[in-house]
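Asks: any chance you can model this:
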Amino acid sequence: MKNRRFTTVLPAIALVALMAAPVILVGGCGKSKPTVLVLATTTSTQDSGLLDVLVPAFEKQYNAKVKAIAVGTGEALKMGEKGDADVLLVHSKAAEEQFVKDGFGLERAQVMYNDFVILGPAADPAGIKGEASAVGALKKIAASRATFVSRADDSGTNKAELNIWKAAGINPKGQPWHVETGQGMGATLAITDQKQGYTLSDRATFIAREGTFNPVILVEGDKALYNQYGVIVVNPDKHPSLKLNTRCAEEFVEYVTSKKGQELIGAYKKNGVVLFHPNASSETQ
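Replies: As a prediction, this is how the structure comes out:
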């Protein structure tokens, strides 16, 4: 706060009263009046429980109310294009970079990472357990015609899955063994369990739901399964009539990439396992 020089002399009584009055300082985008921030994010940040840790701390510090809308990354990016969100927390780097390149986002900053895993029944009819290559695993699933359950919702997870199928030289769409749910990760895991099939999941949601279904991790560790998250402020110049809450969006980015935000992310665990690894950088990644 800047020092101010008073040019008038206050009456003694008024001065004593002023000095005795409590000083309330409310920082952040909300200042003395709460403000609403619309956050479009992924189902993985919601299903894993991370938002339950990150959001309340932000709201308290910045006097803001966060309206979090959990959808697939593709849908979140579309919301940004339409001006239906102030800030995005998503996980599909190529699509995020294109979003910024097209002028819909001000800048992309990386926040955290985890990885994807390929799940399936313990019996493993396709014989993929321990396969070092995600591509090799999907080739075996296709060759055995074992059930594979896809989110098919243009989410970051779905985009990663499609990239692996493409690298395998296989188009599973329309195949009788390929099931499309069009739903989030939690629902897709439940359907995978019901059908005793295989699926690709982010590790965080799997760990958060572990013990509630039967599929187990069969393939992990391939670099193709790396899962980076980024945060983007929606460009207000694209939506001049909508009055986006850009200041609060920028402070949300500062918050999740700050020491405090990064510590909250790194300390969040389920079943003793860290679900997201903070890796914010001052550079756009």
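
Asks: let me see the contact set for residue 145.
Replies: Under the criterion of CB atoms under 8 Å, 6 or more residues apart in numbering, the contact list for residue 145 reads 175, 176, 177. The C-beta positions use only the backbone N, C-alpha and C, and glycine is treated the same way.

Asks: least confident secondary structure element in this structure?
Replies: Scoring the helices and strands of the chain by mean pLDDT, DSSP states H and E places helix 12-20 at the bottom, with a mean of 35.

Asks: gap between residue 50 and residue 209?
Replies: 14 Å (CB to CB, to the nearest Å).

Asks: before we move on, what about residue 274?
Replies: From residue 274 across to residue 209, the span is 16 Å (CB to CB).

Asks: more crowded one of the two?
Replies: Just comparing residue 274 and residue 209: by other CB atoms under 10 Å the higher neighbour count belongs to residue 209, 19 against 15.

Asks: the more buried one touches residue 47, doesn't it?
Replies: Yes. Counting by CB atoms under 8 Å, residue 209 does reach residue 47; the two are 7.2 Å apart.

Asks: about what we covered before: type out the ChimeraX command that picks the buried ones from the contacts of residue 145.
Replies: Buried subset of the contacts of residue 145, written as a ChimeraX selection, criterion 16 or more other CB atoms under 10 Å:
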select :177
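
Asks: of the contacts of residue 145, which is the nearest to residue 240?
Replies: Residue 240 lies nearest to residue 175 out of the contacts of residue 145, by CB to CB, at 46.5 Å.

Asks: backbone phi and psi for the closest one, please?
Replies: Note on residue 175: backbone dihedrals following degrees, to the nearest 10 are phi -70, psi 140.

Asks: and it, how far is that from residue 219?
Replies: Separation of residue 175 from residue 219 (CB to CB) stands at 20 Å.

Asks: ok, residue 44 next?
Replies: Taking CB to CB, one finds residue 44 at 18 Å from residue 219.

Asks: looking at these two, which has the bigger crowd around it?
Replies: For residue 44 versus residue 219, the count of surrounding residues by other CB under 10 Å is larger for residue 44: 31 against 25.

Asks: tell me who's in contact with the more buried one.
Replies: Applying CB under 8 Å, 6+ apart, the residues near residue 44 are 91, 156, 157, 185, 202, 204, 205.

Asks: adding neighbour count and pLDDT, write the residues you listed out as CSV.
Replies: As requested, the contacts of residue 44 are exported to CSV (neighbours: other CB atoms under 10 Å; pLDDT from 0 to 100):
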residue, neighbour count, pLDDT
91, 27, 96
156, 28, 94
157, 28, 95
185, 29, 91
202, 29, 94
204, 25, 93
205, 27, 91
